[in-house]
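Engineer: The following block contains a protein sequence and its predicted model.
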Amino acid sequence: MGPDEREALRAAILARHRTLYAFCKATGITKSVVLQLLAGRYPGNVERQTARIRAALADAPVLDVTPGAVFAVLERIGCARCRATDKRRCRSCRTLWEKQAEALTGLFGPADS
């Protein structure tokens, strides 16, 4: 397994889970296996462990998608790009982002929290 494949596997894990440790906790795959595999130092059967991780990723649902989390991302990105000097318009942006966040989380179903 080359460095590019390891980085792609790390990106796939982080796309579904907040951290590598969250992935390990959710899937039951030990941290030492995941960390050694991603570092390229796993002494065992790399192909078998990679297949286990990929299978766990295929079964893993999207986690932590709440309206509040989506709203926070929309607000951070929107405010960073905003050039408005009149901050009275912020209320209308927040209302829009709240509605967008609710609509987006409706696509993923109810959150398990």
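Structural biologist: Cool, got the structure. What you are looking at is a predicted structure, and each value in this text was computed from that prediction instead of being measured.

Engineer: use CA for all of it now, contacts and neighbours both
Structural biologist: Fine.

Engineer: Residue ranges in the chain under the pLDDT threshold?
Structural biologist: Along the chain, segments meeting pLDDT under 70 span 60-65, 108-113.

Engineer: For it, give the helix that spans the most residues.
Structural biologist: helix 90-108 (DSSP state H).

Engineer: Centre of the chain to that one, how far?
Structural biologist: 19 Å (Cα atoms, centre = their mean, to the nearest Å).

Engineer: can you count the residues close to residue 103?
Structural biologist: 13 (other Cα atoms under 10 Å).

Engineer: Residue 18: what secondary structure?
Structural biologist: Secondary structure for residue 18, judged by DSSP: H, G, I helix; E, B strand; the rest coil, is coil.

Engineer: how near is it to residue 82?
Structural biologist: Remark: distance between residue 18 and residue 82 (Cα to Cα, to the nearest Å) = 27 Å.

Engineer: which one of the two has more residues nearby?
Structural biologist: For residue 18 and residue 82, the more surrounded residue by other Cα under 10 Å is residue 18, and the numbers stand at 12 against 9.

Engineer: elements contacting the helix or strand where residue 13 lies?
Structural biologist: Per DSSP states H and E, residue 13 falls inside helix 3-16. Applying 3 or more Cα pairs under 8 Å, 6 or more residues apart in numbering; DSSP states H and E, we find helix 3-16 packed against helix 20-27, helix 31-39, helix 46-59.

Engineer: That helix: which residues count as buried?
Structural biologist: Within helix 3-16, the residues that count as buried by 16 or more other Cα atoms under 10 Å are 6, 9-10, 13, 16.

Engineer: now do stretch 43-57
Structural biologist: Quick answer for stretch 43-57 (16+ other Cα under 10 Å): 46, 49-50, 53, 56-57.

Engineer: Closest one to residue 28 out of these, please.
Structural biologist: residue 56 (9.2 Å; Cα to Cα).
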